[in-house]
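Undergrad: Give the three-dimensional model of this entry:
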Amino acid sequence: MNIENNKVSPSNRVGNRANKRASNRASNRDAILVAARAVFAELGYGGATVRDIIRRTDLATGTFYNYFTNKEEVFEALSNETGEELRALLSEARKNAGNFEQFIEASYLTYFTYYAERPETYRLMRSNRGRDGDNSNMKGPQVTAGLAEMRQDIERAMKLRMIPQNDAGFLTATIGGVAFSILDEMMERNPIDPHHAARFAANLFMRGIDGAVE
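TA: Model prediction:
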């Protein structure tokens, strides 16, 4: 056995320690976010405290403040994580649509399925309502960015004649408003059925109230 070949150089030891510290930091931050998601979903944003979040982890209080200043920052991190993931899924669904009806139904199905599969995330996002004195669903940077991306996709589809020429702003607001409203109703039902919700929303949008009744 060649002992020399098995020696770890000082530079490698430093690198290993750095990698371990980075891994621990990522693990600690993830633990805080997992705990915060559960706390916000259970207690709501207003009722939750930093102490509640820390109690759901195995971390010391001081460790929390190595990553976040307050619960606002934790909530923003969770909101950004959710928004970025959902926006990517919606963008992909719209891109794969072959016509206007598929564009609409794919958007609704992706949106409803995302929250149907993540009820804790839905409760988390609901807890944000009224946080800034505004009960509207269509606020916040991630929602605003998502609607802007949808409008861009609508305008692009109009240029390709996949969607009839119309008012892109009103169209975007209508699709978003229907999605937000039906989501709340769907999540209160048992069982939660995103396919039924998406079909209803798409039929309502494309054909009006008569077409929405199955």
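
Undergrad: Which residues are in contact with the spatially most central residue of the chain?
TA: Taking Cα atoms, centre = their mean as the criterion, residue 82 is the residue nearest the geometric centre of the chain, at 2.4 Å. Counting by Cβ atoms under 8 Å, 6 or more residues apart in numbering, residue 82 makes contact with 121, 124-125, 142. (Each C-beta comes from the backbone N, C-alpha and C, glycine too.)

Undergrad: Please pick the buried ones from these.
TA: 121, 124-125, 142 (16 or more other Cβ atoms under 10 Å).

Undergrad: Can you show me the strands along this structure?
TA: Assigned by DSSP state E, the chain shows no strands.

Undergrad: Just the helices from it, written as ranges.
TA: Along the chain, the stretches classed as helices by DSSP state H are 3-6, 10-47, 50-55, 61-64, 71-95, 100-116, 119-126, 141-159, 168-188, 194-207, 209-212.

Undergrad: In a markdown table: these, plus mean pLDDT.
TA: Converted to a markdown table, these look like this (pLDDT from 0 to 100):
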| stretch | mean pLDDT |
| --- | --- |
| helix 3-6 | 56 |
| helix 10-47 | 75 |
| helix 50-55 | 96 |
| helix 61-64 | 93 |
| helix 71-95 | 94 |
| helix 100-116 | 95 |
| helix 119-126 | 90 |
| helix 141-159 | 92 |
| helix 168-188 | 94 |
| helix 194-207 | 94 |
| helix 209-212 | 57 |
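
Undergrad: tell me the most buried of those?
TA: Ranked by mean neighbour count, the helices of the chain are led by helix 100-116 with a mean of 20 (mean count of other Cβ atoms under 10 Å).

Undergrad: Just list what it packs against, helices and strands only.
TA: In terms of contacts (3 or more Cβ pairs under 8 Å, 6 or more residues apart in numbering; DSSP states H and E), helix 100-116 is packed against helix 71-95, helix 141-159, helix 168-188, helix 194-207.
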